[in-house]
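# here's a sequence, model it:
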Amino acid sequence: NTITFAYRRDSVSSHAAEGALCFKSPTCVSSLQHGYSRVFTTGDRAAQCVIMLRGVQGAALRRSSLGLSSRGLRSSHVTNVAARPVPSVPAGTKLTIIRPDDWHLHVRDGAAMRSVVPHTAKHYGRAIIMPNLTPPVTTVKMAQDYKQRIMDAVPTGSSHFNPLMTLYLTDNTTYDEVFRAREAGIPAFKLYPAGATTNSDSGVTDINKVVPILRAMADAGVLLLVHGEVTDNHVDMFDREAVFIKEKLIPVLDKVPHLKVVMEHITTQEAAEFVSSAPANVAATVTPQHMLMNRNALFVKGLRPHNYCLPVLKRERHREAVAAAVTSGSKKFFLGTDSAPHPKGAKESACGCAGIFSAPVALGLYAMVFERANALDKFEAFASRNGPDFYGLPYNKDTITITKSVTPMRIPEAYELGDSQVVPMWAGQEIQWRVSLVD
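Residues are numbered from 1 along each chain as shown. Got it, this is the predicted structure:
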């Protein structure tokens, strides 16, 4: 039997070198696939093999436990190394899908909001609006006023767009506010651990303090959206999501098992596995950056502040695991860009802000992820069905078409943001997938 699998350059570029290695075994070979890692079992022999082309020039192959050397391929099981493309679809391919929704979005306020809302309204039917303004959106009245300001920024041709408001959970949230939210059609509260991210200082200081409120939310059918990181100084920045799941989220779900929870912008293998195995009341949103970039993207040829977000980008194995979970077809995962605009100068500073602005280009980037995984048939469910199913909402009635263009589109270096500019994800790079038609 011959097993062929893909390798990609171990870098942050979307233009990854691609090829394949073929392994031949005289006995039956079975494989378990996790992203680009494979576990092969040959008879009673098992070995994990992670093959990646290293560096921009592709200087060496990572050594694997199947006997591959950095100086060459040395294994009786290796029969040939051939340049074979990762499965892809031809230019001109069109995907017509139900109009998608963005289940995690920041639009800020004021002039900045008026600049960015049209990008989302053009492509999406609905968006879950994050409440971390200054001051935070903690009451139904504040949310209603904020929604009106957003609607005032929606272009005339985007009347289909409906922002779904959320409230900011604090230590002082009341039972009355939970039930007022339900009556007002506000679907969720957002839990920010205090100090975890942008404008989160008013967040929950101890999740155990709000367990009674979480029970009220569960009874009212109001969802909890979670920024899943601990903020303890002794916990490494790259471990905070995994620690949050173990020490905070699992105990809360044990206490309030009927609470519907969205673990937002997951970034780790631990989170992907937790959500996949959790009961049906637990789901997750996933950003394009956490499926296309690893933490090397923060440091390539210097500091890259426009790739800095929270939760921070993780190791390659985590990127692979998250992308594999999403493209598997599981209903547990759905689109949430976490598009978070900051002025260019606020990112390029001694203490740069966390957040990646992806609203104008996210759909093309997501399509790229699914194409690379040979899973374009699963893209509509991720973008347009899984979110409404989890929230208990109907699908949007119109469609959009995403096309793989013959001529790639170069993403602009910046977009307008009030009286400033914002640098988008993938700025200056080319992308083939773009929204070509809105019904």
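
# right, and Gly356 touches Leu310 too?
Slight slip there: residue 356 is Ile, not Gly. No: here Ile356 does not reach Leu310: they are 10.0 Å apart, not a contact under CB atoms under 8 Å. Where you see a C-beta, it was placed from the backbone N, CA and C, and this is true even at glycine.

# quick one, which of those two is more surrounded?
Neighbours per residue, other CB atoms under 10 Å: of Ile356 and Leu310, the larger number sits with Ile356, 28 against 21.

# roughly how far does the more buried one sit from Val423?
9 Å (CB to CB, to the nearest Å).

# check the contact lists of those two and give me the overlap.
His306 (CB atoms under 8 Å, 6 or more residues apart in numbering).

# so how many other residues sit close to Phe382?
25.

# state the pLDDT value of it.
With respect to pLDDT, Phe382 scores 98.

# how about Thr2?
Looking at Thr2, its pLDDT is 39.

# ok, and what's touching the strand ranked longest in the chain?
Using DSSP state E to assign secondary structure, the strand with the most residues in the chain is strand 399-410. Contact with strand 399-410 is made by 89-100, 123, 363-364, 367, 371, 428-439, as judged by CB under 8 Å, 6+ apart.

# for Met113, give me its contacts.
Counting by CB under 8 Å, 6+ apart, the residues that Met113 touches are Val107, Arg149, Ile150, Ala153.

# distance of it relative to Ser88?
Met113 is 37 Å from Ser88, where distance means CB to CB.

# what ranges does the stretch 51-200 of the chain have for its helices?
110-123, 140-153, 175-183 (DSSP state H, counting those that start in this stretch).

# around the residue nearest to Asn281 when sequence neighbours are not counted, how many other residues sit close by?
Distance criterion CB to CB, 6 or more residues apart in numbering; nearest residue to Asn281, sequence neighbours excluded, is Lys260 at 4.8 Å. Lys260: 20 surrounding residues under other CB under 10 Å.

# do you know how far Lys260 is from Phe189?
Lys260 sits 11 Å away from Phe189, going by CB to CB.

# just give me the closest of the contacts of Met113 to Lys248.
When the contacts of Met113 are compared for distance to Lys248 (CB to CB), Val107 wins out at 27.9 Å.

# quick check: closest non-adjacent residue to the closest one.
Computed as CB to CB, 6+ apart, the closest residue to Val107 that is not its neighbour in sequence is Met113, at 5.0 Å.

# got a list of what the residue nearest in space to the middle of the chain touches?
In the chain, the residue lying closest to the centroid (CA atoms, centre = their mean) is Thr287, at 1.7 Å. Thr287 makes contacts with His104, His265, Cys309, Gly336, Thr337, Asp338, Ile356, Ser358, as judged by CB under 8 Å, 6+ apart.

# if we go to 10 Å?
Residues near Thr287 by CB atoms under 10 Å, 6 or more residues apart in numbering: 104, 264-267, 293, 309, 311, 313, 322, 335-340, 356, 358, 362, 365-366, 425.

# narrow those residues to those in strands?
Using DSSP E, the contacts of Thr287 in strands are His104, Leu335.

# in the stretch 251-400 of the chain, which spans are strands?
261-263, 282-286, 333-335, 399-410 (DSSP state E, counting those that start in this stretch).

# got a markdown table for those, with mean neighbour count, mean pLDDT and distance to Arg304 too?
Shown next, in a markdown table, are the strands of the stretch 251-400 of the chain (neighbours: other CB atoms under 10 Å; pLDDT from 0 to 100; distance: least, CB to CB, whole Å):
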| stretch | mean neighbour count | mean pLDDT | distance to Arg304 |
| --- | --- | --- | --- |
| strand 261-263 | 26 | 98 | 26 |
| strand 282-286 | 25 | 98 | 21 |
| strand 333-335 | 26 | 98 | 24 |
| strand 399-410 | 16 | 96 | 18 |
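
# using TSV, please lay out those together with distance to Val235.
Below are those laid out as TSV (distance: least, CB to CB, whole Å):
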stretch	distance to Val235
strand 261-263	17
strand 282-286	21
strand 333-335	25
strand 399-410	39
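
# which among those strands is found nearest to Leu164?
Nearest to Leu164, of the strands of the stretch 251-400 of the chain and by CB to CB, is strand 261-263 at 12.2 Å.

# give me the contacts around the closest one.
So strand 261-263 is contacted by 103-104, 128, 188, 190-191, 214, 217-218, 223-228, 241, 244-245, 249, 252-253, 271-272, 274-275, 278-279, 281-286, 332-334, 336, 387, 390-391 (CB under 10 Å, 6+ apart).
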